[in-house]
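Need a 3D model of the sequence below.
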Amino acid sequence: MQRQAEARIPSQYGPFTMMAFADKASDKMPHVALIAEGFDPEKPVPVRIHSECMTGDVFGSRRCDCGEQLDASLRIAAERGGVVIYLRQEGRGIGLINKLKAYNLQDLGLNTAEANTHLGFDVDARQYDCAIFILQDLGISAVELITNNPDKVEALRRSPVKVVGRIPLVIPPHDDSLHYLKTKQDLMGHLLGL
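Next comes the predicted model:
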């Protein structure tokens, strides 16, 4: 994987530089880094590693808190010279089609973890090697990780990138997301305080 292209992106949060990372320039689904103005890799950088969630990020689904987490992360990054890494690993790594199948199983009573395993997948099949590569490519050696997920913290702790702090990202639940968030907290150890 390597940096393939970059451009300035003015946004509602502030200006960012967007960089696309992929094996080939022809890759239509690259991983993306959004680097805020004021970014300084010589200091610990506020970083969000966000896995793609088309339903929440793009269409505003309230089944999850992903879109609201992305929104809050972009605000934090813009305010503090941070970075948001957007990994193309939809549905905790199972892809959009299987994620929609998992939603149907959840509507029948399974929780998000049970639905994934019922379909033959791990509860969480995401990998963070690409994010670590991007952080190193940007010259980042220390981060304040914007997350509630202890697995992300642990993945970075096993890497050359030092985690010097964690910025909680707790989104108040909606009626439609409460069961999902409770599952993330109770079965996956997410630090949500529900």
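
Grab the most central residue of this protein for me.
Most central in the chain under CA atoms, centre = their mean is residue 50, positioned 1.2 Å from the mean C-alpha point.

Can you pull out the low-pLDDT segments for this structure?
Along the chain, segments meeting pLDDT under 70 span 177-189, 191-194.

Do a quick rundown of the strands in it.
Secondary structure of the chain (DSSP state E): strands at 2-10, 15-22, 31-36, 45-51, 83-87, 142-146, 162-167.

give the contact list for the residue lying farthest from the centre of the chain.
Farthest-out residue of the chain from its mean C-alpha position, per CA atoms, centre = their mean: residue 108, at 27.0 Å. By CB atoms under 8 Å, 6 or more residues apart in numbering, the contact set of residue 108 is empty. All C-beta spots, glycine's among them, are computed from the backbone N, C-alpha and C.

Look up how far residue 118 lies from it.
Distance of residue 108 to residue 118, given as CB to CB, to the nearest Å: 10 Å.

And for residue 30?
Per CB to CB, residue 30 is found 31 Å from residue 118.

Look at these two and report which has more neighbours.
Taking other CB atoms under 10 Å, residue 30 and residue 118 do not tie; residue 30 has more neighbours (20 against 13).

so who does that one touch?
By CB under 8 Å, 6+ apart, the contact set of residue 30 is 4, 20, 21, 22, 88.

Specify the beta-bridge partners of the second one.
Counting by DSSP bridges, residue 20 forms beta bridges with residue 5, residue 32.

Quick check, the residue nearest to the centre of the chain in contact with residue 73.
Yes - with contacts counted by CB atoms under 8 Å, residue 50 reaches residue 73, the gap being 6.3 Å.

count of neighbours near residue 65?
For residue 65, the neighbour count with other CB under 10 Å is 24.

Could you pull up the residues touching the residue nearest to it when sequence neighbours are not counted?
Counting by CB to CB, 6 or more residues apart in numbering, residue 65 lies nearest to residue 171, which is 4.1 Å off, once chain neighbours are set aside. Contact partners of residue 171, counting by CB under 8 Å, 6+ apart, are 65, 68, 69, 72.

now with 7 Å?
Counting by CB atoms under 7 Å, 6 or more residues apart in numbering, residue 171 makes contact with 65, 68, 69.

Might you specify the subset of those residues located within helices?
Mapping the contacts of residue 171 onto helices (DSSP state H) picks out 68, 69.

Can you tell me which of the contacts of residue 171 is closest to residue 104?
The nearest member of the contacts of residue 171 to residue 104, counting by CB to CB, is residue 65 at 20.4 Å.

Since that was my last question, I'll sign off now.
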